[in-house]
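1. build me a structure from this.
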Amino acid sequence: MSGVEGLLRDLAPRALGALVRRHPTQFDACEDAVQESLLAAATQWPAAGVPDRPVAWLVTVASRRLLDQIRAEAARRRREDAVATPWSALLSPAADDDRPADDSVELLFLCCHPALSGPSQVALTLRAVGGLTTAQIAAAFLVPEATMAQRITRAKQSIRGTGFPTTNHPARLSAVLHTLYLIFNEGHTASAGPDLTAPALSEEAIRLTRMLPAEGESAGLLALMLLTDAHRPARVSPNGSLIPLAEQDRTLWNRERLDEGLALITTTLPKGPVGPYQLQAAIAAVHAEAPTAEATDWAQILALYDLLDRIAPNPVTTLNRAVAVGMVQGPYAALDLLSTLTDKRVTSHHRFHATRAHLLELGGDLVAAQTSYREAARRATSFPERRHLTNRANAIKPE
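-> Sure, this is the predicted structure:
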């Protein structure tokens, strides 16, 4: 990506946010206008140089494009008086460089509107704020481009005219953080397809999370992403096979991301109140600080999971906590905890069966472990995970 291309990607949500603030009923038209202004910039800036106020330049050009669209539509329908947005507003002075910086965050909140489903929030966020094309988003989630285009179009229609939300509302912040968390997780471990990871999604989630204030749960989520993504260089072998955490070469971990994540969670936790993302980041920090898998402080991890289970209980937390219980109290105590899970969204997932297989293997029940590994492999939709689980099952040799 060239310097101008990278700059335009960063400026795009700021320009779109500024335009949508002026014309909240015309999200689609605003996005089209901004895309045209970006194309004009990509053509002109390499030769003419980047303007002193690049965001204002983009907003001005996009405003003119939007005005042209409205004029053409008005002429075609011969009812100019029905145009929703006054021309005087379209011709107002371009926003300065400082205002759109805030609008990009508000645009992120708008894309996570509660009227939208989770998948729609993710898709619209990646399209409008992340700057990914519809084809790129569809490829990342392994759905047809037409399907993704319909999802994004419906999402835009659902929030048309709603205007920018209040960004300090806890419920809206929670929706934004959850959306970014989903995007990151899909990048960290792709839910389907031939590759274990989709780095573009992880990187985009981290970039978007950096737009939020570095405090509280926002800082906790960013720290969690950084500490988790630091493992990426060691997670896949040269032939594409998955390498579990305990077997990774820790010298390959991204030290820069580890240091940033550790510093962030270290400064954030004492300020309180503590939330789920901060606790998950603290757990990731314990793993990051262990020089070897054997040196991991599992007792501390279990204590953190106990706290997480108290403040934000859910079946996924219980599943993850079972691993820590197995390392501290033994595999049978962990298997007893797993037996309390009844939520089919978890018990039908391959990770449940993989965790159960691991605990059974630790407990010496090799026949049951092999059966569970095979069941986990059968349910896995990611090829690298399926291959890893199949190999684990084949490696067991019951007497």
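2. tell me how far residue 69 lies from residue 154.
-> 21 Å (Cβ to Cβ, to the nearest Å). Just so you know, the C-beta spots here come from the backbone N, C-alpha and C atoms, and that holds for glycine as well.
3. hmm, I typed the wrong one, I wanted residue 44.
-> The value you get for residue 44 to residue 154, if Cβ to Cβ is used, is 34 Å.
4. quick one: contacts for residue 312?
-> Contacts for residue 312 (Cβ atoms under 8 Å, 6 or more residues apart in numbering) come out as 275-276.
5. pLDDT score assigned to it?
-> Residue 312 carries a pLDDT value of 92.
6. what of residue 395?
-> 95.
7. now it: phi and psi?
-> phi -70, psi -20 (degrees, to the nearest 10).
8. report how many residues lie close to it.
-> Using other Cβ atoms under 10 Å, the number of residues around residue 395 comes to 10.
9. which elements pack onto the host helix or strand of residue 19?
-> Secondary structure from DSSP states H and E places residue 19 in helix 3-22. Contacts defined by 3 or more Cβ pairs under 8 Å, 6 or more residues apart in numbering; DSSP states H and E place helix 3-22 against helix 27-48, helix 54-77, helix 99-111.
10. pick the most deeply packed of those helices.
-> helix 99-111 (a mean of 22; mean count of other Cβ atoms under 10 Å).
11. just to revisit the earlier point, CA atoms of the helix holding residue 19 as CSV?
-> The C-alpha trace of helix 3-22 is given here as CSV (Å, rounded to 0.1, in the frame of the first residue of the first chain):
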residue,chain,number,x,y,z
GLY,A,3,1.8,6.4,1.2
VAL,A,4,-1.2,8.1,-0.4
GLU,A,5,-3.3,4.9,-0.3
GLY,A,6,-2.6,4.4,3.4
LEU,A,7,-3.4,8.0,4.2
LEU,A,8,-6.7,7.9,2.3
ARG,A,9,-7.7,4.8,4.1
ASP,A,10,-7.2,6.6,7.4
LEU,A,11,-9.0,9.7,6.3
ALA,A,12,-12.0,8.0,4.6
PRO,A,13,-14.0,7.4,7.8
ARG,A,14,-13.3,10.9,9.0
ALA,A,15,-14.6,12.4,5.7
LEU,A,16,-17.6,10.0,5.7
GLY,A,17,-18.4,10.8,9.3
ALA,A,18,-18.4,14.6,8.5
LEU,A,19,-20.7,14.2,5.5
VAL,A,20,-23.1,11.8,7.3
ARG,A,21,-23.3,14.2,10.2
ARG,A,22,-24.6,16.9,7.8
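12. buried ones in that helix?
-> Within helix 3-22, the residues scored as buried using 16 or more other Cβ atoms under 10 Å are 4, 7-9, 11-22.
13. from these, which is closest to residue 310?
-> Nearest to residue 310 among these is residue 13, at 37.1 Å by Cβ to Cβ.
14. hmm, residue 127 and that closest one touching each other?
-> No - with contact defined as Cβ atoms under 8 Å, residue 13 does not reach residue 127; the gap is 10.5 Å.
15. so is residue 270 in a helix, a strand, or just coil?
-> Reducing the assignment at residue 270 to three states with DSSP: H, G, I helix; E, B strand; the rest coil gives helix.
16. what separation do you get for it and residue 197?
-> 33 Å.
17. cool, residue 158 as well?
-> 31 Å.
18. so residue 270 and residue 197 - more neighbours on which side?
-> Neighbours per residue (other Cβ under 10 Å) separate residue 270 from residue 197, with residue 197 holding more: 19 against 7.
19. how many other residues sit next to residue 352?
-> For residue 352, using other Cβ under 10 Å, the count is 24.
20. could you do residue 146 as well?
-> The burial count for residue 146: 10, using other Cβ under 10 Å.
21. equivalent analysis for residue 133, please.
-> Count around residue 133 with other Cβ under 10 Å applied: 12.
22. contact partners for it?
-> residue 127.
23. now with 10 Å?
-> Counting by Cβ atoms under 10 Å, 6 or more residues apart in numbering, residue 133 touches 126-127, 139, 145, 148.
24. on that earlier part again, okay if I get the helices and strands packed on helix 3-22 as CSV plus distance to residue 235 and mean pLDDT?
-> Output for the helices and strands packed on helix 3-22, formatted as CSV (distance: least, Cβ to Cβ, whole Å; pLDDT from 0 to 100):
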stretch, distance to residue 235, mean pLDDT
helix 27-48, 34, 84
helix 54-77, 37, 76
helix 99-111, 28, 69
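25. I'd like these as a markdown table, with distance to residue 225 appended.
-> What follows is the helices and strands packed on helix 3-22, written out as a markdown table (distance: least, Cβ to Cβ, whole Å):
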| stretch | distance to residue 225 |
| --- | --- |
| helix 27-48 | 27 |
| helix 54-77 | 26 |
| helix 99-111 | 15 |
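26. out of those, nearest to residue 396?
-> helix 99-111 (46.2 Å).
27. following element in sequence after that closest one, please.
-> helix 118-124.
28. only C-alpha atoms, please: export that following helix in CSV.
-> C-alpha atoms of helix 118-124 as CSV (Å, rounded to 0.1, in the frame of the first residue of the first chain):
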residue,chain,number,x,y,z
GLY,A,118,-24.6,-8.6,15.0
PRO,A,119,-23.5,-9.7,11.5
SER,A,120,-24.9,-6.5,10.0
GLN,A,121,-23.0,-4.4,12.5
VAL,A,122,-19.8,-6.2,11.7
ALA,A,123,-20.3,-5.8,7.9
LEU,A,124,-21.3,-2.2,8.0
